[in-house]
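Undergrad: structure here, sequence nowhere to be found:
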């Protein structure tokens, strides 16, 4: 970030106007944003390198904000870092202290911030356009000592550090297209329009991005999203690539990485590797049996080094081969656990097949030219949902379990839609959406998770993210149908 006002601030100091600098330090100005009942204030202590902000304001959320903001105008990429603390534990538990990048001082301006709540919750928040709704990605680190907000192009990341820790990526990212110059700064909202609250920011730094060197580093973030609110929460973040979570009956997430299966509690914790015997080159096509005791996997560790389907105990153990022909990519169990649905390439064409879970002959269900993929049974066993390119763009289709009555489910709305996953109550289907010009289901793309209500075919956006291949290839609904699990990716310079 290039601080646009540095020259002016230096000139003010030379000309003997220290009052503003004494009050706002490295910043240019301050004031209330939005409707507040009690004017806010800032006190800068140069010796302690602290900013003490007291503010009213109902919230920084929804379609408009109310808070006190201490700001400087900047341009370009960069980061802002600070230690954040509340001097008291009283007041609303969701009072907020933020590091923010904001297009304007309008209450409904586009913005991105890292918000530290009084209760310790720390989130990446954003409003992608003026007047739009605010969304968030909640970190799995509570009450960090130091936080950082980083801008790279239109993408914003958050880093956090506890006492004695180095800053590390909190996981997740959001895109907000801010036009240079824009505002960056620190702010406080009481989360109560009738009250005032105080937060202290120490060792605040606003720095431009260093010159790029080498390739960006890939991180993967395992997240959950609450369907009703669209709030996202980080479960686990790590460098490298992992993919495709399944949600178990006992609230564990199972995902693949480095050719193996791993599990972790939904709310975070220790990652454990699941033993799958001879199957050690798994891809992202796997799912748990309806009774929760087995997992079907797709693996290419054995000859002919093409994907084959196996089943193994969910707790780990010997993997039993199911398909004889390859490549075969597993996608769904029948509700009674007796049949597997999968995508198979036979004679150069990809189609949907079924096969008994115990093994036996496979049955071909689709014959259209081009790719048919991602088959998954509805909970009532009345349909198999899948994605097909037969209409020109990839769309969601469904058919009877015997392959009859094939019909397109999603409208021709100019998007490519992949990997349908039906909710446990059978009323909704979630899927991965690419832009029209994207061929296949590649990794590292701007994508959406969208959800359709089957009764009226109404489609809404659950979230926008950087992902694609590996984000939600497999069924990942929570057993109660309230949340979904997925993987987002970050390319960090």
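TA: The structure has been received and is ready for your questions. Small disclaimer: the values here were computed from a predicted structure and weren't measured.

Undergrad: count residues in the vicinity of residue 293, would you?
TA: The criterion is other C-beta atoms under 10 Å. On that basis, residue 293 has 12 neighbouring residues. C-beta coordinates here come from the backbone N, C-alpha and C atoms, glycine included.

Undergrad: isn't it right up against residue 313?
TA: Yes. Contact criterion C-beta atoms under 8 Å: residue 293 and residue 313 qualify, at 6.8 Å.

Undergrad: same for the helix or strand where residue 136 lies, what does it pack against?
TA: With secondary structure defined by DSSP states H and E, residue 136 is part of strand 135-138. Using 3 or more C-beta pairs under 8 Å, 6 or more residues apart in numbering; DSSP states H and E as the contact criterion, the elements in contact with strand 135-138 are strand 122-127, strand 232-239.

Undergrad: same list (the ones you listed) but as a markdown table, adding distance to residue 174 and mean neighbour count.
TA: Below are the helices and strands packed on strand 135-138 laid out as a markdown table (distance: least, C-beta to C-beta, whole Å; neighbours: other C-beta atoms under 10 Å):
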| stretch | distance to residue 174 | mean neighbour count |
| --- | --- | --- |
| strand 122-127 | 4 | 24 |
| strand 232-239 | 9 | 20 |
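
Undergrad: domains for this protein, by residue range?
TA: 2-208, 217-492 (automatic domain parsing).

Undergrad: check the offset of the strand holding residue 136 from the chain's centre.
TA: Here the centre of mass of C-alpha atoms in strand 135-138, compared against the chain's by C-alpha atoms, centre = their mean, to the nearest Å, lies 8 Å away.

Undergrad: that one pairs with which strands, parallel or anti?
TA: Here strand 135-138 has these sheet partners by DSSP bridges: strand 122-127 (antiparallel), strand 232-239 (parallel).

Undergrad: residues in contact with that strand?
TA: With contact meaning C-beta atoms under 8 Å, 6 or more residues apart in numbering, strand 135-138 is reached by 115, 121-128, 158, 170-174, 223, 230-234, 463.

Undergrad: apply 7 Å and report the result again.
TA: When contacts are taken as C-beta atoms under 7 Å, 6 or more residues apart in numbering, the neighbours of strand 135-138 outside the stretch itself are 121, 123-126, 172, 174, 230-234, 463.

Undergrad: which among these gets closest to residue 334?
TA: Using C-beta to C-beta, residue 463 comes nearest to residue 334 of the contacts of strand 135-138, at 29.6 Å.

Undergrad: and that closest one, how many neighbours?
TA: Residues lying near residue 463 (other C-beta under 10 Å) number 22.

Undergrad: ok, it to residue 307 distance?
TA: Remark: distance between residue 463 and residue 307 (C-beta to C-beta, to the nearest Å) = 29 Å.

Undergrad: quick check: mean pLDDT across the strand or helix carrying residue 204?
TA: Remark: residue 204 resides in strand 197-208, with elements defined by DSSP H and E. Here the mean pLDDT over strand 197-208 is 97, rounded to a whole number.
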